[in-house]
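Chemist: Pasting a predicted model and its sequence here:
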Amino acid sequence: MSQATSSRSTWSSRWAFILVTIGSAVGLGNIWKFSYLAGASEGSVGVFVVVYLVCVALIGLPLLMAEILIGRRGRGNPVVAMLNTAEESGNSSWWALLGWVGIFGALMILSFYSVVSGWMVDYFWQSLVEGVYVNTAEEAKAAYDAMISDPLRLGLWHTVFMILTAGVVARGVVGGIEAANKIMLPLLFLILVLLTIWGAVAGDMPKALGFMFNLKTEAIKPGVVIDGMGHAFFSLSLGMGAIMAYGSYLDKKTNIGHTCVWIAAAGSFIGLLSGAAIFSLTFGYGLTPAAGPGLILQTLPLAFTYMPGGRLFAIFFFLFVIFAAWTSSISLLEPFVSWLTERYGIRRARAAWGTALPVWLLGLAVCLSFNKWSEFKIFGRILFELLDHLATRVMMPLSGLAIAIYVGWRLGKVIVVDEIRLKQRAFTLWFNVLRFIVPVGITLIFLYELVLRDWLK
Ligand code: TRP
């Protein structure tokens, strides 16, 4: 039974769609995770970067197209979109399970994504009111630890961030999500350009670029290759219904292939540019980039302290990160909210706040997992790590794999050709990559993450 979909919103233009999808893609992943993954792949950073870019093109782009295809064809939230397309193509309605994994997985990610975004709001606030001044690496670490060990402080900023997220989603697809992206994304880009130029002047851009594109091959560790692949996946928001939900509001005229090229290119470009700015400062002030997840919050504050105008730079930098995180978090909340409104006819505002509430509660538990509950471990992981691991290392790859199989092998060429209007050769290329390379690539990431990671180190 196809569900009624006639009164659904549609993005106001093709560019609006490109904008919101870039907004979803560019987030903590591109800035925070990218810089520390690159920093951590010491000796083969260039390899990590190149693998990441190749995977964006080879795995990310084809899947991005496949997810949007399902959303647009199915004209509904991820669950309904899967049901509708499965019915149209004569497949089992069990495929809707994929939609369920997506809408719940996205909420799981949101619960800890919001907490980490809260750290950025905290540092932004600190920069604004008194400036983050640290003189040594020890002081920087102590300042970071002081935040992490304070559940009230973590909870407060997590709450602020959840309100920002739900507030946008509550206002609707065009009036909320599209409008917010239309303001934030151009600003984000402007600030980034400013930061990059500023970083180049104050820091050491040649060294940063040399570091990022150093293709020394004798230092390749297998883990670096897989990290690049996994990161391409996360940074394009794949496998969690977010892109599918956005795609469901896309008009029929827009060419999915061309649009996705823009999205993937812009996403990785912004990631690289922010990496260049971050590493310029890191090297310019004689710091080492291999600081792990704390790179942005422990290494950069040192540079901010030393550099001229550092406080202003810090304010802009954290504002940039907050915009990036905010436009991503709304895409994590939207799939579930659209399901609630479409399935039960609940008003959007109520659905948005009602969904945000349990996610917020789970996020509070995540806040506690860093301090009061840090002894409480499940499979040797605190709650934060458990959620991150389950969602990004298990659910995302598995559902990405399922999407590739579904569109590549089950949906049937008639539907696929009808949605992806590419020239014959481009189409064949895309379709074959989706059918063969994507599943193999993801299977590799998955096996590595689950079993080989520790073994290969
Ligand atoms: N792409 C975002 C980032 O890089 C994170 C993100 C947003 C995401 N929506 C998603 C990841 C959906 C997976 C699925 O920070």
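Modeler: Cool, the structure landed. Numbers count the residues shown, from 1 in each chain.
Chemist: got a list of what residue 371 touches?
Modeler: Residue 371 makes contacts with 148, 149, 150, 151, 154, as judged by Cβ atoms under 8 Å, 6 or more residues apart in numbering. All C-beta spots, glycine's among them, are computed from the backbone N, C-alpha and C.
Chemist: For stretch 306-314, list every residue counted as buried.
Modeler: Using 16 or more other Cβ atoms under 10 Å as the burial criterion, the residues of stretch 306-314 that qualify are 306, 307, 310, 311, 313, 314.
Chemist: What's the end-to-end length of that stretch?
Modeler: In stretch 306-314, first residue to last residue: 12 Å (Cα to Cα, to the nearest Å).
Chemist: Residues in contact with it: which ones?
Modeler: The contact list for stretch 306-314 (Cβ under 8 Å, 6+ apart) reads 123, 127, 131-132, 195, 198, 202-203, 281, 284-285, 300-301, 303-304.
Chemist: Kindly confirm whether my reading is correct that residue 114 touches residue 359.
Modeler: Yes: with contact defined as Cβ atoms under 8 Å, residue 114 counts as touching residue 359 (7.3 Å).
Chemist: Please enumerate the shared neighbours of these two.
Modeler: Overlap of the contact sets of residue 114 and residue 359 (by Cβ under 8 Å, 6+ apart) consists of residue 162.
Chemist: And the helices in the stretch 101-250 of the chain?
Modeler: Along the stretch 101-250 of the chain, counting by DSSP state H, counting those that start in this stretch, helices occupy 137-148, 151-170, 179-202, 205-212, 222-235, 242-247.
Chemist: could you give the angle of the fourth one to helix 179-202?
Modeler: Using axes from the mean of the first three to the mean of the last three Cα atoms, to 10 degrees, the inter-axis angle of helix 205-212 relative to helix 179-202 is 110 degrees.
Chemist: buried set for helix 205-212?
Modeler: 205, 208, 209, 211, 212.
Chemist: before we move on, what about the second one?
Modeler: Within helix 151-170, the residues that qualify as buried by neighbour count (16+ other Cβ under 10 Å) are 151, 153-162, 164-170.
Chemist: what about residue 389, is that helix, strand or coil?
Modeler: Counting by DSSP: H, G, I helix; E, B strand; the rest coil, the backbone at residue 389 sits in helix.
Chemist: shouldn't it be in contact with residue 382?
Modeler: No: Residue 389 lies out of contact with residue 382 (Cβ under 8 Å); the separation is 10.6 Å.
Chemist: For the protein, list the residues in contact with the ligand, please.
Modeler: 24-25, 27-30, 106, 109, 234-235, 237, 240, 242, 328, 331-332, 396 (Cβ under 6 Å from any ligand atom).
Chemist: how about 8 Å then?
Modeler: 24-33, 105-106, 109, 113, 234-243, 267, 324-325, 328-329, 331-332, 391-392, 396 (Cβ under 8 Å from any ligand atom).
Chemist: picking that back up, which one of the buried residues of helix 205-212 is nearest to the ligand?
Modeler: Of all the buried residues of helix 205-212, residue 212 has the smallest distance to the ligand: 17.8 Å, by Cβ to the nearest ligand atom.
Chemist: Next up, the contacts around residue 294.
Modeler: Applying Cβ under 8 Å, 6+ apart, we find residue 294 in contact with 36, 141, 144.
Chemist: Relative to residue 145, how far out is it?
Modeler: Distance of residue 294 to residue 145, given as Cβ to Cβ, to the nearest Å: 10 Å.
Chemist: Could you list the low-confidence segments of the stretch 251-400 of the chain?
Modeler: 290-292 (pLDDT under 70).
Chemist: Might you name the residue of it sitting closest to the ligand?
Modeler: For the stretch 251-400 of the chain, Cβ to the nearest ligand atom, closest residue to the ligand: residue 328, 3.8 Å.
Chemist: Around that residue, how many other residues sit close by?
Modeler: Neighbour count of residue 328, defined by other Cβ atoms under 10 Å: 25.
Chemist: got it, and residue 40?
Modeler: For residue 40, the neighbour count with other Cβ under 10 Å is 18.
Chemist: now swap in residue 193 and tell me
Modeler: Neighbourhood size, residue 193 [other Cβ under 10 Å]: 12.
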